[in-house]
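Visitor: coordinates only, no sequence provided:
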């Protein structure tokens with residue numbers, strides 16, 4: 001069963017704008033009928049009121065009523081779409097996602113998995129894991145070949161001790177044969193723990209990061 005505790009919804013309950021407009025129109029129409037009845041009862045038989053005016057007003061009320069009904073139908077459709085978005089977003093909860101970013105959560109045992117892509121010929125490359133204060137807790141030589149590479153940090157520091165739980169960032173120092181610094185793009189793999197659907201686009205909490213659905217590069221099956 002999907003845990004919905006991570007869902008924040010912007011879908012409310014109660015009367016919609018269309019409902020309020022319909023209620024106001026009904027009150028106005030009752031007032032109109034009362035006024036019309038009073039006018040008919042007190043009109044001069046020798047000079048009766050023009051029926052065309054009554055007809056025009058009734059047509060106007062009918063036109064407004066149809067527009068309000070259209071608005072109510074659109075609001076109902078919007079509510080259905082919002083509920084569908086919530087249900088769709090809920091299906092992401094608990095999944096691992098790959099997003100562009102350098103920071104992940106280490107729970108004290110699982111470590112963090114990153115991917116980086118060498119888009120240019122690289123001569124030297126070192127991956128460095130930094131804690132929240134910016135201190136390097138682990139480093140090793142990375143792969144220099146072109147293409148996409150995975151780096152899985154197991155949560156052990158350079159001295160062989162378990163690193164404390166917290167946020168850790170991957171920093172890559174890379175240069176080509178001429179010593180020119182390179183900047184490989186980095187993505188982090190984290191678990192989706194919450195979804196905020198109060199805006200136009202769902203916002204996903206992926207580890208310590210908050211991203212839109214369009215920023216999720218890939219959903220990853222957990223090993």
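Guide: Ah, there it is. Predicted, not measured: the structure shown is a model, and the values here were computed from it.
Visitor: so residue 160 belongs to a helix, correct?
Guide: No. Assigned with DSSP: H, G, I helix; E, B strand; the rest coil, residue 160 falls outside any helix and is coil.
Visitor: how many neighbours does it have?
Guide: 6 (other C-beta atoms under 10 Å). From N, CA and C alone the C-beta is placed, and that goes for glycine too.
Visitor: how far away is it from residue 151?
Guide: To residue 151, residue 160 is 18 Å away according to C-beta to C-beta, to the nearest Å.
Visitor: ditto for residue 205
Guide: In terms of C-beta to C-beta, residue 205 sits 23 Å off from residue 151.
Visitor: please apply the same query to residue 171.
Guide: Plainly put, residue 171 is 11 Å away from residue 151 if you go by C-beta to C-beta.
Visitor: give me the common contacts of the two.
Guide: Between them, residue 171 and residue 151 share these contacting residues under C-beta atoms under 8 Å, 6 or more residues apart in numbering: residue 127.
Visitor: comparing these two, which residue is more hemmed in?
Guide: For residue 171 versus residue 151, neighbours defined as other C-beta under 10 Å are more numerous around residue 151 (17 against 14).
Visitor: who's in contact with residue 170?
Guide: Contacts for residue 170 were tallied using C-beta under 8 Å, 6+ apart; they are 102-104, 112, 114, 116, 127-130, 151, 153, 186, 188.
Visitor: which strand or helix spans the closest residue in space to residue 157 that isn't next to it in sequence?
Guide: Distances taken as C-beta to C-beta, 6 or more residues apart in numbering put residue 137 closest to residue 157, at 4.4 Å, once the chain neighbours are dropped. Using DSSP states H and E, residue 137 sits in strand 136-141.
Visitor: quick check: buried residues in that strand?
Guide: 137, 138 (16 or more other C-beta atoms under 10 Å).
Visitor: give me the sheet partners of the helix or strand following that strand and which way each runs.
Guide: As assigned by DSSP H and E, the chain's next helix or strand after strand 136-141 is strand 147-153. Within its sheet, strand 147-153 is paired with strand 112-118 (antiparallel), according to DSSP bridges.
Visitor: next SSE after the biggest strand by length in the chain?
Guide: For the chain, the longest strand by residue count, based on DSSP state E, is strand 186-197. Per DSSP H and E, the first helix or strand lying C-terminal to strand 186-197 is strand 203-206.
Visitor: list of residues touching that following strand?
Guide: For strand 203-206, contacts defined as C-beta under 8 Å, 6+ apart pick out 6, 89, 92, 97, 99, 190-196, 210-213, 216.
Visitor: go again using 6 Å as the cut-off
Guide: 97, 99, 190, 192, 193, 194, 195, 196, 210, 211 (C-beta atoms under 6 Å, 6 or more residues apart in numbering).
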